[in-house]
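K.L.:
attaching a predicted model along with its sequence, questions to come.
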Amino acid sequence: MCEGFRRCQILCVTKLGKKDSPKSLSKRDLKTLKLELRQFAAERDWDQFHSPKNLSMALIGEAAEIVEHFQWLNEAKSRRLNAVKRREIAEELGDTLIYLVRLADKLDIDLLEATFEKLQQNRQKYPAKLVKGKAHKYTYYQK
């Protein structure tokens, strides 16, 4: 994706105001976030750019930026990140969630419902007694 187009698409999360604490923000739900993101895009006339295709492309781009932080780290180092690196990753996770929520909104998909449904499917595919401590794909257990 061209950089100018990408910059135009980025939904920046505003810095916390004095009255907002991280604790109060964490109590917000996905519906509130979805509505705030709709407003954010509308105020900037960006909704015209937020097609499912564009949002999915932006989502994968942001997910790749998360991966960049871990590229070339071994398992142990990937678990021991300094505060600066954790903050950088938090920003990328925020970008990713923004695009994920916008995409679900555009497709009229309830993310929490879809996630709980997927979790139930995964419980059936990966029964704890059968897969505990193993990392095979579910098809391995169907043999």
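P.N.:
Nice, I can see it. Residues are numbered from 1 along each chain as shown.
K.L.:
mind giving me the domain split of the protein?
P.N.:
29-109, 110-143 (automatic domain parsing).
K.L.:
so the most centrally placed residue in the chain, which state does it fall into?
P.N.:
Nearest to the geometric centre of the chain sits Leu97, at 3.1 Å (Cα atoms, centre = their mean). Three-state assignment for Leu97 (DSSP: H, G, I helix; E, B strand; the rest coil): helix.
K.L.:
can you redo the domains of the chain as a markdown table with mean pLDDT?
P.N.:
Converted to a markdown table, the domains of the chain look like this (pLDDT from 0 to 100):
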| stretch | mean pLDDT |
| --- | --- |
| domain 29-109 | 97 |
| domain 110-143 | 93 |
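K.L.:
quick one, which of the ones you listed is packed in tightest?
P.N.:
domain 29-109 (a mean of 14; mean count of other Cβ atoms under 10 Å). C-beta coordinates here come from the backbone N, C-alpha and C atoms, glycine included.
K.L.:
any idea how far that domain is from the middle of the chain?
P.N.:
5 Å (Cα atoms, centre = their mean, to the nearest Å).
K.L.:
and the gap between the residue nearest to the centre of the chain and Ala58?
P.N.:
12 Å (Cβ to Cβ, to the nearest Å).
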